[in-house]
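pasting a predicted model and its sequence here:
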Amino acid sequence: MKTALHFGAGNIGRGFIGALLSDSGYHVVFADVVEKLINALNEYKSYNITILDVAPDEPIKHISNVSGIFSNNPEQLNAAILDAEIITTAVGPNVLRIISRSLAAGISERKKQGKEYLNIIACENMTGASGHLRDEILKHLPEEDQEYMDTYVGFPNCAVDRIVPPFNPGPNGNVLSVGVEAFFEWIVEEPAFKGPRPEIKGMKLTDNLVAYVQRKLFTLNCGHATTAYLGYLKGYKTVDEALKDKSIESTVHAAMKESGAALCKKHGFDEEEHGKYIEKIMNRFRNPYIKDDVARVGREPLRKLGPADRLVGPAKMADEFGLPKDNLLKAIAACLLYDNKDDPQSVTLKKDIESKGLEEVLEDVVGFKKGSKESRQVLQAYNELKA
Ligand SMILES: NC(=O)c1ccc[n+]([C@@H]2O[C@H](COP(=O)([O-])OP(=O)(O)OC[C@H]3O[C@@H](n4cnc5c(N)ncnc54)[C@H](O)[C@@H]3O)[C@@H](O)[C@H]2O)c1
Ligand SMILES: O=P(O)(O)OC[C@@H](O)[C@@H](O)[C@H](O)[C@H](O)CO
């Protein structure tokens, strides 16, 4: 049987990518650092996915042929890398650097054992995640193994879309159970594969990946983050609850339209089709069967304020074409106000704003120069939202 190694047995790992791999005939080995997940994977060797929607065709999907290993156990991991025909990740962009050392060791071992093609796909909300992972691996790979990696190891980037919220399996439920929306989209960069393309049900291939990644990140994740930060400020707990607030809904919609106008100019998307794409996403956010925590959606605000990420990325793109971006700037201001003591990045952000001042943080983190029009506008929105 074919083996797939997937890093991260979390929401997207179990609820999306691992499930597609298992459905396509792979034995899926999940590598994670959480003991209870690994133990449960090895004990039950299967889990259930609940589809959170009105009358889904298949309300519960049973996923089998799975097992778990510890990502911080070099022997287990090396053996799994050696066996794998494909490797995927869904660990969060910041963890890619952490797993890169083990992947480098595994790639060197594959060379020693005369193994051929392998593709590694990082399924994270980040433009160029697999390429970034490759760069991190290169830092640990001996020079004499680099040619082997160039020849035999592909790093196709991808866009990954399915809302997988926190899920409560109930008092006697299985820790592996996961609830997902019915919709899913996994688009992978075809030219970057090395060797034969793997056949995975539900994986779509494209040769224009950047457009799809930006379409998803700057629309869905942009609207999601805007809802989360504005919602958190007003004390709402979930995305659907926040969107029932008309003033939040209209800002979220307007921010997605601003990013949409920029995306259509940049990538030539049809405006009418893109409008439908936005409406479909708004309806996905409103799905009453999904109770998605605003703290999950707003997690790691410093990452989300990055220059190529969901808020600043579309604002810069709008600027490139001289298009409006007032609502995107308001979303950036709401993100800067995110004050959640359980989120380490929120704590750091707050401390930095207190010690350096908002303008300096805007320049360092977001890239808006002190005194620039954008910086002044964010400052004004920040003070208005704070009041
Ligand atoms: N949940 C969603 O709706 C969704 C949708 C699309 C994309 N994503 C992206 O998928 C990625 C994962 O998100 P998630 O929601 O599944 O998060 P999650 O927190 O549910 O899962 C991440 C998993 O990675 C594990 N992990 C942490 N460090 C690790 C390490 N060193 N080695 C192996 N595993 C490690 C964690 O223990 C956890 O189980 C993120 O990049 C996210 O942006 C999430
Ligand atoms: O995972 P993050 O932190 O990058 O973003 C939070 C959510 O917006 C995200 O997980 C969405 O649910 C997902 O991207 C839907 O495909």
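Right, received. Where do you want to start? Ligands and ions are numbered 1, 2, ... in the order given.

show me the contact partners of stretch 299-310.
92-94, 125-127, 217-218, 221-222, 224-225, 229, 298, 311-313, 316, 332, 335-336, 338, 343, 345-346, 348-349, 365-367 (C-beta atoms under 8 Å, 6 or more residues apart in numbering). Heads up, the C-betas are built off the backbone N, CA and C, glycines and all.

restrict those residues to contacts with ligand 1.
Filtering the contacts of stretch 299-310 for proximity to ligand 1 by C-beta under 6 Å from any ligand atom leaves G92, P93, N125.

grab the nearest non-local neighbour of the last one.
Leaving out its chain neighbours, the residue that sits closest to N125 by C-beta to C-beta, 6 or more residues apart in numbering is N221, at 5.8 Å.

and the one you found, how many neighbours?
Residues near N221, counting by other C-beta atoms under 10 Å, number 21.

for V361, same thing?
Neighbour count for V361, taken as other C-beta under 10 Å: 20.

so what's it up against?
When contacts are counted by C-beta under 8 Å, 6+ apart, V361 is found next to L336, L349, D352, I353.

just the element for it, please.
Taking DSSP states H and E as the definition, V361 sits inside helix 358-361.

with H132 instead?
Using DSSP H and E, the element containing H132 is helix 129-138.

the helix or strand that that helix is followed by - what's its average pLDDT?
Per DSSP H and E, helix 129-138 leads on to helix 146-152 as the next helix or strand towards the C-terminus. Mean pLDDT, computed over helix 146-152, is 98.

buried residues, helix 146-152. List them.
With burial defined by 16 or more other C-beta atoms under 10 Å, the residues of helix 146-152 counted as buried are Y148, M149, Y152.

would you format those as JSON lines with distance to ligand 2 included?
Formatted as JSON lines, these follow (distance: C-beta to the nearest ligand atom, whole Å):
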{"residue": "Y148", "distance to ligand 2": "33"}
{"residue": "M149", "distance to ligand 2": "28"}
{"residue": "Y152", "distance to ligand 2": "30"}
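
between the residues you listed, which sits nearest N383?
Comparing the buried residues of helix 146-152 against N383 with C-beta to C-beta places M149 closest, at 50.4 Å.

shouldn't that closest one be in contact with L141?
Yes - using C-beta atoms under 8 Å, M149 is in contact with L141, at 6.2 Å.

what residues does the stretch 101-250 of the chain put near ligand 2?
Contact residues, the stretch 101-250 of the chain versus ligand 2 (C-beta under 6 Å from any ligand atom): N125, D161, R162, I163, L220, N221, H224.

could you redo the last one with a cut-off of 8 Å?
Within the stretch 101-250 of the chain, the positions lying close to ligand 2 (C-beta under 8 Å from any ligand atom) are 124-126, 160-165, 216-217, 220-221, 224-225, 228.

show me those residues that map onto helices.
Applying DSSP state H to those, the entries found in helices are K216, H224, A225, A228.

low pLDDT regions in this protein?
Residue ranges of the chain with pLDDT under 70: none are present.

how does it divide into domains?
Using automatic domain parsing, the domains assigned to the chain come out as 2-207, 210-386.

can you give me the end-to-end span of the longest one?
In this case it means domain 2-207. End-to-end distance of domain 2-207 (C-alpha to C-alpha, to the nearest Å): 26 Å.

out of the contacts of V361, which comes closest to ligand 1?
L349 (18.4 Å; C-beta to the nearest ligand atom).

mind checking which helix or strand that closest one is in?
Assessed by DSSP H and E, L349 sits inside helix 344-356.

tabulate the CA atom coordinates of that helix in PDB.
The C-alpha coordinates for helix 344-356 follow below in PDB (Å, rounded to 0.1, in the frame of the first residue of the first chain):
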ATOM      1  CA  PRO A 344       1.200  35.000  22.500                       C
ATOM      2  CA  GLN A 345       1.400  37.100  19.400                       C
ATOM      3  CA  SER A 346      -1.400  39.400  20.600                       C
ATOM      4  CA  VAL A 347       0.500  39.900  23.900                       C
ATOM      5  CA  THR A 348       3.700  40.800  22.000                       C
ATOM      6  CA  LEU A 349       1.800  43.100  19.700                       C
ATOM      7  CA  LYS A 350       0.200  44.900  22.600                       C
ATOM      8  CA  LYS A 351       3.500  45.300  24.400                       C
ATOM      9  CA  ASP A 352       5.200  46.600  21.300                       C
ATOM     10  CA  ILE A 353       2.500  49.200  20.700                       C
ATOM     11  CA  GLU A 354       2.800  50.300  24.300                       C
ATOM     12  CA  SER A 355       6.600  50.500  24.300                       C
ATOM     13  CA  LYS A 356       7.300  51.800  20.700                       C
END
